[in-house]
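Asker: give me the fold of what follows.
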Amino acid sequence: MLNIIICGAPGCGKGTQSDLLVNKYKLEHLSTGDLLRKEIAKKSELGLIADSYISNGNLVPDAMIIDILSKAINEQAEGVKGVILDGFPRTVAQAEALEVMLKKVNKEVSVLLDLTVDNDELINRLLKRGETSGRSDDNLETIKKRLEIYEIKTAPVSDFYKKINKYASINGMGSIEEIFERIAAVIDSKRQ
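Answerer: Numbers count the residues shown, from 1 in each chain. Prediction:
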């Protein structure tokens, strides 16, 4: 079973590459961002709390994310050959909690794919996305804050997975197809 984490700074292409991975490897895509946006759209209590963090460029608290994800993993559809986690874990505490959560259901992370993209390119991608998506967090001030928070809180997650030999750095520059070829090569090597 493939259980993949795809990470990288906001705008690195996690969502785009996740969609391609879902199709090629028959994985279930679990995006904490999508799960949170559904709650925000429903204006649920959880959604309102999450929105107060997200709209200011902050991360949603670990406990809230872990609860949402645990529920999603436990409700995994039959016939799925694994999951791709997009947007989780964002902190070392979340990575540790994920390891415990998966161990309880006799699963483990196969690899963390770290998409690396230059900051100037990230800002350009996010500003363009903001023009078309209408996402409140895709404006220059919030983008800069999100990138800063990513470096401080999320980048150490890579070190966690390096220590347990489940880390792969992927050059996130180039065409969507070129990036996907690099990702597929790593995953195929893990499946052998």
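Asker: contacts, neighbours, all on C-alpha from now
Answerer: Fine.
Asker: list of residues touching the one helix or strand in the chain whose mean pLDDT sits lowest?
Answerer: Here the helix or strand of the chain ranked lowest by mean pLDDT, DSSP states H and E is helix 62-74, holding a mean of 79. Here helix 62-74 makes contact (C-alpha atoms under 8 Å, 6 or more residues apart in numbering) with 30, 32, 35, 91, 93-94, 97-98, 101.
Asker: output these as TSV; include the columns pLDDT, distance to Lys153 and secondary structure.
Answerer: Shown next, in TSV, are the contacts of helix 62-74 (pLDDT from 0 to 100; distance: C-alpha to C-alpha, whole Å; DSSP: H, G, I helix; E, B strand; the rest coil):
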residue	pLDDT	distance to Lys153	secondary structure
Leu30	89	21	strand
Thr32	83	16	helix
Leu35	84	21	helix
Thr91	84	6	coil
Ala93	88	10	helix
Gln94	88	11	helix
Ala97	90	15	helix
Leu98	92	16	helix
Met101	87	21	helix
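Asker: in ChimeraX, select just the buried ones from these.
Answerer: A single ChimeraX command selects the buried members of these (16 or more other C-alpha atoms under 10 Å):
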select :30,32,91,94,97,98,101
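Asker: circling back to that earlier point, next secondary structure element downstream of the least confident helix or strand of the chain?
Answerer: Following helix 62-74 in sequence order, the next helix or strand is strand 82-86 (DSSP states H and E).
Asker: now do that next one: which elements does it pack against?
Answerer: Using 3 or more C-alpha pairs under 8 Å, 6 or more residues apart in numbering; DSSP states H and E, the elements in contact with strand 82-86 are strand 2-8, helix 14-25, strand 28-31, helix 32-42.
Asker: which one of these lies closest to Phe160?
Answerer: For Phe160, the closest of these is strand 2-8, at 12.6 Å, according to C-alpha to C-alpha.
Asker: got the angle between that closest one and strand 82-86?
Answerer: Angle, strand 2-8 to strand 82-86, by axes from the mean of the first three to the mean of the last three C-alpha atoms, to 10 degrees: 10 degrees.
Asker: for strand 2-8, packing partners?
Answerer: Taking 3+ C-alpha pairs under 8 Å, 6+ apart as contact, the helices and strands that strand 2-8 lies on are helix 14-25, strand 82-86, strand 111-116.
Asker: as a markdown table, the contacts of helix 62-74 with distance to Ala184 would be great.
Answerer: Shown next, in a markdown table, are those (distance: C-alpha to C-alpha, whole Å):
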| residue | distance to Ala184 |
| --- | --- |
| Leu30 | 19 |
| Thr32 | 23 |
| Leu35 | 26 |
| Thr91 | 25 |
| Ala93 | 28 |
| Gln94 | 26 |
| Ala97 | 27 |
| Leu98 | 23 |
| Met101 | 26 |
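Asker: can you pick out the most distant pair from the contacts of helix 62-74?
Answerer: The largest separation in the contacts of helix 62-74, counting by C-alpha to C-alpha, is between Leu35 and Ala93 at 19.7 Å.
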